[in-house]
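Undergrad: Quick check, what structure comes out for this input:
(2 chains)
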Amino acid sequence: MRWTQTLIPTLRESPAEAEILSHKLLLRAGLIRKLAGGVYTFLPLGWRSLHKIEQIVREEMDHAGALEMLMPALQPKEIWEQSGRAETARDVLFKVKDGASREWFLSPTAEEVITGLAANEINSYRQLPRNFYQISVKFRDEIRPRFGLMRAKEFIMKDAYSFDTTDEGATASYQKMYDAYTRIFARCGLKTFPVEADTGVIGGKFSHEFMVPAETGENEVVYCEGCNYAANIEKATSGVPRTATREIGAAIEKFATPGVATIEALSKEPYKVPANRQIKTLVYIADSKPVIVLIRGDDQLNEAKLAGLLGKVFRPATPDEIFVAVGAHPGSLGGIGVTKFSIYADERLRGANDMTTGANEDGFHLRSVSIERDIEVTQWFDLRTVTAGEPCVKCGKPLKIRRAIEVGHVFKLGTKYSEKFDALYLDETGNRKPCVMGCYGIGVTRTLQAVIEQCNDKDGIIWPLSVAPYQVCITPLNVDPNHEAMKLAEKFYAELTAHGVDVILDDRDERPGVKFKDADLVGFPIRVALGEKSLAKAEVEIKPRGKALHPVKAEVAVKAVMKLLEVGKAALRPA
RNA sequence: CGGAGCGUAGCUCAGCUUGGUAGAGCACCAGCUUUGGGAGCUGGCUGUCGCAGGUUCAAAUCCUGUCGCUCCGACCA
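TA: Next comes the predicted model:
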């Protein structure tokens, strides 16, 4: 491609709409433009990189035995009602009406479509296992689109769905996808690491997210450097000890605490009750009923874990609702004497005694509380949020926490959807059984931005060879067709193109500084510069992006570039 | 949806407090000069000052409403 024949609208300054580096670079390098919040046009250069990522995904999915297909973006409301997700996914669904007032949803994923298809087309164990995938535009009515392609209303996702006869088969399918994902991200030049993920309301045992470490990521990941433990903070647990048991002493004692409404206030003079000797009492509304949640005073509730208990639809109770439920306002709440509502307590409180908690009477607390003696706990559960420095559950070393971008998620679904859609098969003995499913997603457009977030320097993007819009940029410093530099540039351009290299010829009549700055900004992996100075020595300059420039004799330049490409490709080959 | 901020040229922004015929730099077009890291000079093009209503002789500027964008929280590939 010739630079003057395409559209690469580079920007000298960052548009105000972009906050994080990768978003700025997407705009400055002329890869994308915004149409509306969370909705982007991919310009020729952005589209080329995106297409290369898609192709890597496609090759590895095919290699893993998955079957590419394409499902509709426009989906009838009824199938979402059948799965129950018309309600549970209500907030993210884009809804449209046709001329006959029939309601449709724009696909955010495709479990309903694929499971319905499997119900019709798969009848026998002989047809299993199968794994179907597509790479397509998805729609989610994100409450807050963010950071360019990171969280968009419209984005490209690869989604795959496996069908197996048995749980073991499903685990094997899951493992294949896990391995494929590892290869995909490695080939994209991305450093990712898998973490255990929250399975949420869907349930099931296995779920991993593939994370790209980045300060701008929206996820927090707990990890251990001593072993391989790594988990999303929504799921992570630690080996933190339970609350120390003390000598069982006095019976419960009520004492006045006028104006004290926080853990912190109670820990100070004149009460001096340490936070780890307090029981924090929270009230949520789930299914229109109050539920009480108890965690230790120095811990934070993890709402994702609570969702595993209460289902997806719950919210904190308002102060008025709390007063009606237990007879006190926040700050004086406790679980003692509560029998009408479920009480969920964090495991860390199990066996704790000599604790202090609210008296359910404004301005009063209770001390010498023994939780198992004095509170009717409905269920014990892991509800607290892990903090850095706690011992690893596996090896005991101190845990660390870092932020990360989620680019892929593999999920063992079980039979949730196959039962709802009657995706049944006949086994060898003639029995009808539900298929055991898995689902697997990769955010393709997000992956593109994650690569940029990870691969850049002060001058711009540093594309991994595999996903660069063009692998080589030829930069003649004089573009007069009769000038030696341009003649040689044309020759290299023709030869490299003939070798199957993606090459762009910067044939703009611009000053050298402009061309160099643009090539660095866009981030082509290899730049070949041809100017008077080096041509006088019959040399050209090869400069791998982000590395040192080295001159080579003009007659071996093409060979040298091909060698660099070989080495670069080998480095991206997965183990 | 709750909290915060911002909407003026393709991009970055000034002007608004104190109302009086819309500006700069970059980009773009023409010409001259220049030619190894975002050149210089001369001339030129570019705007419903987000939109609607109000106050006023007069509104980018003051008031009200509304829409959009960005950031923090809940959601997630």
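Undergrad: Report pLDDT for the residue in the stretch 301-450 of chain A that RNA strand B sits nearest to.
TA: At 2.7 Å from RNA strand B, A:Gly443 is the closest residue in the stretch 301-450 of chain A, using Cβ to the nearest atom of the strand. C-beta: built from backbone N, CA, C; applies to glycine. Model confidence at A:Gly443, given as pLDDT, is 96.
Undergrad: now do the one 10 residues further on
TA: Among the per-residue scores, A:Glu453 holds a pLDDT of 95.
Undergrad: show me the residues around it that make contact.
TA: Neighbouring residues of A:Glu453 by Cβ atoms under 8 Å, 6 or more residues apart in numbering: A:20-22, A:212, A:214, A:216, A:405.
Undergrad: what about 10 Å?
TA: By Cβ atoms under 10 Å, 6 or more residues apart in numbering, the residues touching A:Glu453 are A:20-23, A:25-26, A:147, A:150, A:190, A:212-217, A:405, A:446.
Undergrad: The residue of the stretch 301-450 of chain A closest to RNA strand B: how many residues sit nearby?
TA: Neighbour count of A:Gly443, defined by other Cβ atoms under 10 Å: 24.
Undergrad: phi, psi of it?
TA: phi -80, psi 100 (degrees, to the nearest 10).
Undergrad: ok, it - contacts?
TA: Contact analysis of A:Gly443 by Cβ under 10 Å, 6+ apart lists A:138, A:149-152, A:155-158, A:210, A:405-409, A:449-450.
Undergrad: What of A:Ala152?
TA: Contacts of A:Ala152 (Cβ under 10 Å, 6+ apart): A:34, A:37-40, A:138-140, A:142, A:145-146, A:443, A:445-446, A:449.
Undergrad: ok, 6 Å please
TA: Applying Cβ atoms under 6 Å, 6 or more residues apart in numbering to A:Ala152 gives the contacts A:38, A:145.
Undergrad: ok, back up a step: now, the contacts of A:Gly443 that are in helices?
TA: A:449-450 (DSSP state H).
Undergrad: Can you name the residues of the stretch 1-150 of chain A that neighbour RNA strand B?
TA: A:10-17, A:19-20, A:28, A:34, A:36-38, A:91-92, A:109, A:140, A:142-147, A:149-150 (Cβ under 7 Å from any atom of the strand).
Undergrad: can we see that at 6 Å?
TA: Proximity of the stretch 1-150 of chain A to RNA strand B is confined to A:10-13, A:15-17, A:19, A:36-37, A:92, A:140, A:142-147 under the rule Cβ under 6 Å from any atom of the strand.
Undergrad: which parts of the stretch 301-450 of chain A sit against RNA strand B?
TA: Checking the stretch 301-450 of chain A against RNA strand B by Cβ under 6 Å from any atom of the strand, the hits are A:303-304, A:406-409, A:441-443, A:445-446.
Undergrad: Only the buried subset of those, as a PyMOL command please.
TA: Selecting the buried subset of those in PyMOL, with 16 or more other Cβ atoms under 10 Å as the burial test, is done by:
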select buried, chain A and resi 303+304+406+407+408+409+441+442+443+445+446
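Undergrad: would you list the residues of the stretch 301-450 of chain A next to RNA strand B in CSV and tack on distance to A:Val393?
TA: CSV is the format used below for those (distance: Cβ to Cβ, whole Å):
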residue, distance to A:Val393
A:Glu303, 21
A:Ala304, 17
A:Glu406, 22
A:Val407, 25
A:Gly408, 24
A:His409, 22
A:Gly441, 27
A:Ile442, 28
A:Gly443, 29
A:Thr445, 35
A:Arg446, 30
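Undergrad: hmm, back to that, so among the contacts of A:Glu453, which ones count as buried?
TA: So, by 16+ other Cβ under 10 Å, the buried ones in these are A:20-23, A:25-26, A:147, A:150, A:190, A:212-214, A:216-217, A:405, A:446.
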